[in-house]
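Participant: could you work out the structure for the sequence below:
(chains A and B)
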Amino acid sequence: MKQSKLFYRINKSKGSNIESVSHDLLIRAGYIDQLMAGVYSFLPLGFLVLKNIESIIRKNMLEVGGQELLMPVLQPKENWVKTNRIEAEKEILFRVEGNGGKEYVLGPTHEEVVTPLAKKIIFSYRDLPLSVFQIQDKLRDELRPKSGLLRVKEFWMKDLYSFHANQADLDKYYEVVANSYEKIFKECGLGKITYRTLASGGSFSKYSDEFQMITDAGEDLIYICKKCSLAINKEIKSENPVCPNCKGGEFEEKKAVEVGNIFKLATKYSNPFDLKFTDRDGEDKNVLMGCYGIGLGRLMGAIVEANNDANGIIWPKSVAPFLVHIILLDKTSNGKEIAEKLYQNLQKEDIKVLYDDRQDKSAGERFAESDLIGIPYRVVISEKTLEKKSVEIKERVSNSEKLVKVSSLISYIKKNV
RNA sequence: CUGGGUGUAGCGCAGCUUGGCUAGCGCGCUUGCAUGGGGUGCAAGAGGUCGGAGGUUCAAAUCCUCUCACCCAGACCA
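Facilitator: The predicted model follows:
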């Protein structure tokens, strides 16, 4: 992508009412735009990041046997009456009326769709276990959206639903997904600061698990055992004066944001929708279910909260909108030719490049913008570097740069990814 | 929903207390000249009717009433 054509606008000044770092940086660097409270557009830069996060999640969900499908945002009110969530969730439920007064719900989640759907497919123990997932838009009328992407009314969510013949099988798969979640957060660069956190559970299981990333921008409090590192949330803490795992140590209190959670739903939804299967012994039994969610936009915000400095965002390579940011300073036709060729050749190697070809901007301004946008590798091409048939390469995470021969730049980058 | 705060140009703000010339500033944008490795300099321009509606007044960004929106804290939250 040539930067002169990129659909974005840098804002030099921070809004006085913006509190969270990720909110400020994502807006200022042109990743997102606020349409109204809790509702954002993803500009090209932001959408590239979102799609990278999506790819990481999709890959891992396919690995645990999830089959990808797509369910509608628009849902019939009747299904929500059946589970009583039309009442239980009424504060966050968007409802719309269609022609003839027909009432709809805009889906905040999809148990009310996936369960009746599964009923058309699952009949026998032979059909179990199975799991399906989607990455799709969710709508929740949050009472108070805040902190940019960390709490919003409309967002992409990955939701996986699993179906099992017995508790042991559900328990086993639940752990498989939990491990997969840890992998996802690690791949997004949050491995060290994201804790699988014990939380109180759904109706039929005692516990659920939240995945909490430590950050001051978070709105949750979690407690980490200093002895065994078990993390628990506030409710569990008030039920357990000592660590329920090691019976030992004190807890350390940390602010955190919930980037994912997993539940054993058991029969909570198979009951009202009468989702049953015929077991080996010929008896009809309730299907047991699990559900597993990750909010993609929130994860993106969390990644920025955890990866930034005074100059801007520092994207982990796995989710960065581009891997390389070429900045051409040399104004001669020779310099331009070399930059263009590098730009083309990098792309041929499937390396994503943002090429700053804006020769009317000062070097300093372009460097400042580059830091703000936060692409992992910055490659500067100037008369100075070209005298040595080289370009200058600098990683966003470091503050030292080095010269690399023009001819070996691609292999250098490939070696370091 | 409760409490607090804010709406003036694309962005960030001043002006409002003590109504009064054609509503200012910085950034950005346009044009020209210079500059060319950390938000470059000089000059000349374009752009707003002050969130919205109503009211008071000779006169309203400024005062009053209503209303909408956004932010922060709390409550709430698979």
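
Participant: need the per-residue pLDDT for the residue of the stretch 201-350 of chain A found nearest RNA strand B.
Facilitator: Going by CB to the nearest atom of the strand, RNA strand B is nearest to A:G293 of the stretch 201-350 of chain A, at 3.1 Å. Backbone N, C-alpha and C define where each C-beta goes, glycine included. What the model reports for A:G293 is a pLDDT of 96.

Participant: now the helices: where do they sit in the stretch 301-417 of chain A?
Facilitator: A:333-348, A:363-373, A:383-387, A:409-416 (DSSP state H, counting those that start in this stretch).

Participant: hang on, the earlier thing: for the residue of the stretch 201-350 of chain A closest to RNA strand B, name its beta-bridge partners.
Facilitator: A:D159, A:N261 (DSSP bridges).

Participant: so who does it touch?
Facilitator: Contact analysis of A:G293 by CB atoms under 8 Å, 6 or more residues apart in numbering lists A:109, A:157-160, A:260-262.

Participant: how is chain A divided into domains?
Facilitator: A:3-309, A:324-416 (automatic domain parsing).

Participant: close enough to count as contact, A:P116 and A:P76?
Facilitator: No - at 9.7 Å, A:P116 does not count as touching A:P76 under the criterion of CB atoms under 8 Å.

Participant: out of the contacts of A:G293, who's near RNA strand B?
Facilitator: A:109, A:157, A:159, A:261 (CB under 7 Å from any atom of the strand).

Participant: any idea which helix or strand comes after the helix or strand the second one falls within?
Facilitator: Same thing as A:M157. Using DSSP states H and E, A:M157 maps to strand A:154-164. Following strand A:154-164 in sequence order, the next helix or strand is helix A:167-187 (DSSP H and E).

Participant: flag every buried residue along that following helix.
Facilitator: A:169-170, A:173-174, A:177-178, A:180-185, A:187 (16 or more other CB atoms under 10 Å).

Participant: near RNA strand B, from the residues you listed?
Facilitator: Within the buried residues of helix A:167-187, nothing lies near RNA strand B by CB under 7 Å from any atom of the strand.

Participant: distance from the centroid: which residue in chain A tops it?
Facilitator: For chain A, the residue at maximal distance from the C-alpha centroid (CA atoms, centre = their mean) is A:E387, at 43.6 Å.

Participant: would you quantify the distance from that one to RNA strand B?
Facilitator: 9 Å (CB to the nearest atom of the strand, to the nearest Å).

Participant: quick one, grab the pLDDT at that residue.
Facilitator: At A:E387, pLDDT is 95.

Participant: also A:K206?
Facilitator: 67.

Participant: repeat that for the one 10 residues further on.
Facilitator: At A:D216, the predicted lDDT confidence score is 90.

Participant: what of A:Q134?
Facilitator: pLDDT, A:Q134: 98.

Participant: for the one 10 residues further on, same thing?
Facilitator: Here the pLDDT value assigned to A:R144 is 92.

Participant: same question for the one 5 residues further on.
Facilitator: Taken from the predicted model, the pLDDT recorded for A:L149 is 96.

Participant: surely it is in a helix?
Facilitator: Yes - the assignment for A:L149 is a helix, going by DSSP: H, G, I helix; E, B strand; the rest coil.

Participant: need the residues of the stretch 251-400 of chain A near RNA strand B, please.
Facilitator: A:261, A:263, A:291, A:293, A:311, A:329, A:331, A:359-365, A:367-372, A:380, A:382-385, A:392, A:394.
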